[in-house]
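Chemist: missing the sequence, but the structure's below:
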């Protein structure tokens, strides 16, 4: 079969769905994430719990007139992640991992003053990323993001260097079954977030196994040029018909919920 743009469909995952138990800490973090996302996007909270509720709320937003724009989806996900990180962690990460001099309007004023006046550093200049940042981040990341994507293990990056993790079977992708959501509500926001923090990131999902390779310190490739990103919708995507209808009705033009 073909999708709404006439592209061949991508085969669904060949592995059986895995149970996705959430411990109390993960359930709490998901509730916090959903509250933040709802406050940013205005999307009503659903009664479904955990990752199921989060994915359906994101799907509802993607199918709304405002959220249909991929750029807005990505921007709001990045905003959500920044709020989750609290005001403390981003400046800390930019300085000690990205080796970036604090910048006005982004970092606390006292930190900018200290770096520029006391240390005589050029505001906003980047000296990194730090040589240890990819490996250190890969060790911490499975604990920091596990509640969103599921268990992960440290491995090498896609270029063979240290600084990689592989998500065993992404629970976000398993639950959504949608390449567009994977792209605009996970892959691209994560890559943008870490790039803003001073450490490039390349995320490569495997739609056959639902594994996902995260390579910290590796520059991402646009999906149009990425040979690892297949064209077309997933065969079992539950969003394809709704997106096709929105396209036919002219909502947001050619950029609507594009999964490339």
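Modeler: Thanks, I have it. Bear in mind that the values here come from a model prediction, so they are computed numbers and not experimental data.

Chemist: so which helix or strand takes in the closest residue to residue 107 other than its chain neighbours?
Modeler: Nearest non-adjacent residue to residue 107, counting by Cβ to Cβ, 6 or more residues apart in numbering: residue 91, 4.7 Å away. C-beta here means a position set from N, CA and C on the backbone, and glycine is covered the same way. Under the criterion of DSSP states H and E, residue 91 resides in helix 89-96.

Chemist: who's in contact with the helix or strand that that helix is followed by?
Modeler: Downstream of helix 89-96, the first helix or strand assigned by DSSP H and E is helix 109-113. Identification of contacts with helix 109-113 by Cβ atoms under 8 Å, 6 or more residues apart in numbering yields 91, 95, 102, 103, 104, 123.

Chemist: what's around residue 222, how many residues?
Modeler: When counting by other Cβ atoms under 10 Å, one arrives at 9 neighbours for residue 222.

Chemist: so what secondary structure elements neighbour the helix holding residue 91?
Modeler: Where contact means 3 or more Cβ pairs under 8 Å, 6 or more residues apart in numbering; DSSP states H and E, helix 89-96 is packed against helix 188-197.

Chemist: again, only using 10 Å
Modeler: Packing partners of helix 89-96 (3 or more Cβ pairs under 10 Å, 6 or more residues apart in numbering; DSSP states H and E): helix 70-84, helix 109-113, helix 133-149, helix 188-197.

Chemist: taking helix 188-197 as reference, get the angle to it.
Modeler: Angle, helix 89-96 to helix 188-197, by axes from the mean of the first three to the mean of the last three Cα atoms, to 10 degrees: 50 degrees.
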